[in-house]
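# Here's a sequence, model it:
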Amino acid sequence: MSLRNIPGTKAILLPVVFGLLNLSGMAPALLSSQGTLQDSQENDSAKREAELREAIRQEPANAAYLAQLGTILAMQTKLGEAMPYFEKALKLNPGDVETRRTLATSYWQLGKLAEARKNLEIVLKTHPDDTLAVLLLGMVSEDLGNHERAAKLLATVIPLVRKRPETIDSLARAYYHLGQTEKARNTLQMLVGHPVGPEAVFQGGHLAAEFADYEMAERMFLTIQTTYPDPAALNYTLALAQYSAKRYAECEKTLLSSIGYGHGTADSYALLGRTYEKQDNLPEMLKAFEKAINLEPTNQGYYIDLGDALAEKKNYGTAIEVAKEAVKRFPSSSSAYSLKGSVELKMYLLTESLNSYSKAVELDPNNPRAALGLALTLWNMDRNEEAGKAFAEGVRRFPNDAFFLLKYALFLLNAPGERDAQADAQIKALLKKSEALDDSDFETHFQLGNLAMKENKYDEALMELRAATKLDPEVAKVHLALGRVYRRMGREQEADNETQLHRKLKAQEDQGADAPQAAIGTRHP
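Model (predicted):
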């Protein structure tokens, strides 16, 4: 559960861009009194469209008529109809800057980013001071993933950027991609008090959360806590930001306050349950999830979340009962069978787990959790050849699933026999891609640190292992590896400190470990 999973609005509709055109004084003029047609005083676009079509029938080579009809159609979001008129107009009059800019905007709205960029660059080649073309090219560049160019262009037209929340978001997104968090925050601050209202701030908070800047997200949400028209949605999203930032006490407080004001939705209770789980308050966790399920008994997600939470706390007896109930209530759900298989695997009930995961894959072959669980179960059953094929097929089918990549790397790391350089390279590639997709798992950093140490790249190993300890400072094996790196670097005192910490944490782990978990180790889902 993470606020980063809630999508924000990014697309900029064509009418918004025409709004900017009007604000900047650059809107294409409709036919004036000096033309052969009169502009309708009632702004009747249908009438103007009919007049222009008749004019074009009489003068098919009139570039002005063609461009104006294209503009009217584009304003009506009839982009497919508008494009040929713009293109014909530009063939007749290639120097018509406003028509070319509007064509570029239409290309952009249709997702034809390369064509949009090409036309905007043509405009700027002859008119480098065209600020609207600079703005549009900046947003197109951001959509193309050229964040550096996007930031550079948009930063030169801040007065235009300020006018619309969408353009503010585009510049902030570019800064986040570049790792320039403070600049991104300062840009998002433009949304506070914006004339369009609190919805812009709400979406800005989502954008900050998309880049895991939960502090800024929370700050944005708090500024509209008394003005946002949907307080239930706002408070839930605020609590989710706090939860994602691992500020569980604040999250609990926000949710209880919202529930106290009558905003106790099923989602709020489910999030409250997760919050209690993180604070090891299992009785309250169960109560909260029970309320969520009672409010929305047809939502299987609450059963999945509850079962996962119980399993994470090693309350396997209750977790398996929840999983069985989920399967009973949702017999065609791949997710329900995946939950059951996950709990069974943690309980080391391998035959049952294999059956559950096989059923989950049968119900939904595109469920990565089911596919991964099946591979892990085969691995635990020492059916390594089948497991290897299942892992390889899963990575092929789900190449952007960071956890799947990590588990396949662990499988290869623990495979029997000696590894050659090619195998090490494959493992490292899997871990690097997993890290690039999601750098929040300490295990990925730990394994990359070990590989770097094996290659005598001590600075790299130190960086990865420190990242691992930052994510989870109480894992004994990470401190053992850190001690070894420090010793090889000649930093004896730091090595001794890490070794002592390893011994302390290892004793705690041994005391709290149960036999099945110890047997499975890294083979857990």
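# C-alpha only now, for contacts and for neighbours.
OK.
# what about residue 159, which helix or strand?
helix 158-161 (DSSP states H and E).
# For stretch 117-132, which residues meet the burial criterion?
Going by neighbour count (16 or more other CA atoms under 10 Å), the buried part of stretch 117-132 is 117, 119, 120, 121, 122, 123, 124, 130, 131, 132.
# Now do the end-to-end distance for stretch 410-422.
Distance between the two ends of stretch 410-422: 16 Å, counting by CA to CA, to the nearest Å.
# Tell me which residues are up against it.
379, 388, 423, 427, 522, 523 (CA atoms under 8 Å, 6 or more residues apart in numbering).
# got the residue ranges for the helices in the stretch 301-450 of the chain?
Assigned by DSSP state H, counting those that start in this stretch, the stretch 301-450 of the chain shows helices spanning 316-329, 334-346, 350-363, 368-380, 384-397, 402-413, 421-437, 442-454.
# Model confidence for residue 100, exactly?
Per-residue confidence (pLDDT) for residue 100: 85.
# what does the one 3 residues further on give?
Per-residue confidence (pLDDT) for residue 103: 83.
# pLDDT below threshold where in the stretch 1-150 of the chain?
Residues of the stretch 1-150 of the chain meeting the criterion pLDDT under 70: 1-43.
# in it, which spans are strands?
Secondary structure of the stretch 1-150 of the chain (DSSP state E, counting those that start in this stretch): no strands located.
# quick one on the thing from earlier: which one of the contacts of stretch 410-422 sits closest to residue 156?
Distance to residue 156, by CA to CA, is smallest for residue 427 among these, at 44.3 Å.
# Identify the residues contacting the residue nearest to the closest one when sequence neighbours are not counted.
Distance criterion CA to CA, 6 or more residues apart in numbering; nearest residue to residue 427, sequence neighbours excluded, is residue 409 at 5.1 Å. Residue 409 sits next to 427, 428, 430, 431 when contact means CA under 8 Å, 6+ apart.
# For residue 226, pull up the helix or strand it's in.
Under DSSP H and E, no helix or strand contains residue 226.
# Also the one 3 residues further on?
Here residue 229, judged by DSSP H and E, is contained in no helix and no strand.
# Kindly provide the distance from it to residue 259.
Note on residue 229: its distance to residue 259, by CA to CA, is 17 Å.
# picking up where we left off before, tell me the buried residues within the contacts of stretch 410-422.
Looks like the contacts of stretch 410-422 have 379, 388, 427, 523 buried, using 16+ other CA under 10 Å.
# From those residues, pick the one nearest residue 471.
Lowest distance from residue 471 to these (CA to CA) belongs to residue 523, with 20.2 Å.
# Could you measure from the spatially closest residue to the closest one that is not a sequence neighbour over to residue 357?
Of all residues not flanking residue 523 in the chain, residue 376 sits nearest, at 6.0 Å (CA to CA, 6+ apart). Noted for residue 376: a distance of 10 Å to residue 357, by CA to CA.
# what's around the nearest residue to residue 334 once chain neighbours are set aside, how many residues?
Nearest non-adjacent residue to residue 334, counting by CA to CA, 6+ apart: residue 360, 4.2 Å away. Neighbours of residue 360 under the rule other CA atoms under 10 Å: 28.
# mind listing what residue 360 touches?
333, 334, 335, 336, 337, 338, 367, 370.
# Give the rounded mean pLDDT of the following helix or strand past the helix holding residue 159.
Once helix 158-161 ends, the next helix or strand along the chain (criterion: DSSP H and E) is helix 165-177. Average pLDDT, helix 165-177: 96.
# Can you give me the neighbour number for residue 317?
Using other CA under 10 Å, residue 317 is surrounded by 12 other residues.
# For it, give me the pLDDT.
The predicted local confidence for residue 317 is 95.
# Please apply the same query to residue 421.
Reported pLDDT for residue 421: 86.
# now it: how far from residue 456?
15 Å.
# Who has more neighbours out of those two?
residue 456 (14 against 8).
# Show the backbone phi and psi for the more buried one.
phi 60, psi 30 (degrees, to the nearest 10).
# Residue 293: which of the helices of the stretch 301-450 of the chain is closest?
Of the helices of the stretch 301-450 of the chain, nearest to residue 293 by CA to CA is helix 316-329, at 11.1 Å.
# what's the closest one packed up against?
helix 300-312, helix 334-346 (3 or more CA pairs under 8 Å, 6 or more residues apart in numbering; DSSP states H and E).
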